[in-house]
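Student: Provided below are the primary sequence and the corresponding predicted coordinates.
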Amino acid sequence: MADISIDDIKRLRQLTGVGITDAKKALQDSAGDFDKALSEMRAKGLTKAEKRGEREARAGLIGGYIHDGRIGVLVEVNCETDFVAKTDEFKELVKDLCLHIAASEPEGVEDLLKQEFVKDPSKTVGDIVKEANAQLGENIVVRRFSRLALGEIN
């Protein structure tokens, strides 16, 4: 059995939102390989996240971003409870989505979810939303957005 450090357990737990026992078991199952354990836990979390997709998400935030006075973005991101909407993780997701929309000019939400994420092109925007869903334990939905650019006519 591999030697599992408490720091690895804490880090895996923080990245995936799973409990201590699940994080420790994943590390033990992967013979202490942190990356393999993280990958497996994310896969399990995404599976649970997809099941949450049926639940209604009517709480959330409207986030905004103005870039250099030339580009403005508003985005509505919904979750199931106000409790989650007030977390730093949820607020950071909304902020990142605003930045992405400002930078990449998606046509609509479905186009937004399929695009490579500006901050990490190895993932799509949909992947980022699913990861937040898994980490926060609630259904998260990008409902709508509006992007204005100086001099452009929509």
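Tutor: Noted; the coordinates are in hand.

Student: give me the next element, helix or strand, following the helix-or-strand element of the chain with minimal mean pLDDT.
Tutor: In the chain, no helix or strand scores lower on mean pLDDT, DSSP states H and E than helix 34-52, which sits at a mean of 68. Sequence-wise, the next helix or strand downstream of helix 34-52 (DSSP states H and E) is strand 59-67.

Student: what strands line up against that following strand, and which way round?
Tutor: Paired neighbours of strand 59-67 in the sheet (DSSP bridges): strand 71-79 (antiparallel).

Student: show the average pLDDT along the strand it pairs with.
Tutor: The average pLDDT for strand 71-79 rounds to 96.

Student: contact partners of that strand?
Tutor: Identification of contacts with strand 71-79 by C-beta atoms under 8 Å, 6 or more residues apart in numbering yields 57-67, 85, 90, 93-94, 97-98, 101-102, 136, 138-150. In this view, the C-beta of every residue, glycine as well, is placed from N, C-alpha and C.

Student: run the chain-centre distance for that strand.
Tutor: Distance, stretch centre to chain centre, for strand 71-79: 14 Å (C-alpha atoms, centre = their mean, to the nearest Å).

Student: buried stuff in that strand?
Tutor: Judged by neighbour count (16 or more other C-beta atoms under 10 Å), strand 71-79 contains these buried residues: 71-73, 75-79.

Student: before we move on, the earlier item: just the buried subset of the contacts of strand 71-79, please.
Tutor: 57, 59-61, 63, 65, 85, 90, 93-94, 97-98, 101-102, 136, 138-142, 145, 147.

Student: now, those residues that are in helices?
Tutor: 85, 90, 93-94, 97-98, 101-102, 136 (DSSP state H).

Student: break the chain into its domains for me.
Tutor: The record's domain parsing of the chain by automatic domain parsing lists 6-52, 59-149.

Student: and the ones you listed, which one is worst for confidence?
Tutor: Mean pLDDT values for those show the minimum at domain 6-52, a mean of 76.
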